[in-house]
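Colleague: structure here, sequence nowhere to be found:
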């Protein structure tokens, strides 16, 4: 995401640049970090949104690049 200035600007305009990234949500033992990066690659930079329905508001203003979203999940009740 950082290498695409147009996409970075689009994310900023839509206030998505301030949302958490997937890598910030993952807790993993250090010896597994390389394996995780190998599997998820660029998806580690996915942006967390409250609901995926947010994409409907972008139909007339699509992002200028490829990136990934993931929906925030609610913690399981004990």
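Modeller: Yep, that arrived. As the structure is a prediction and not an experimental result, all values here were calculated from the model.

Colleague: now do the helices in the protein.
Modeller: 5-13, 22-25, 33-40 (DSSP state H).

Colleague: next, the buried residues of the shortest one.
Modeller: Along helix 22-25, the positions that meet the burial threshold by neighbour count (16 or more other C-beta atoms under 10 Å) are residue 22. (C-beta placed from N, C-alpha, C; glycine too.)

Colleague: on contacts alone, who are the packing partners of that helix?
Modeller: Where contact means 3 or more C-beta pairs under 8 Å, 6 or more residues apart in numbering; DSSP states H and E, helix 22-25 is packed against strand 47-49.

Colleague: give the rounded mean pLDDT of the strand it packs on.
Modeller: Strand 47-49 comes out with an average pLDDT of 92.

Colleague: could you list the low-pLDDT ranges of the chain?
Modeller: Residue ranges of the chain with pLDDT under 70: 1-2, 76-78.

Colleague: redo that, cut-off 80
Modeller: Flagging of the chain using pLDDT under 80 yields the residue ranges 1-3, 74-78.

Colleague: that'll do, ta.
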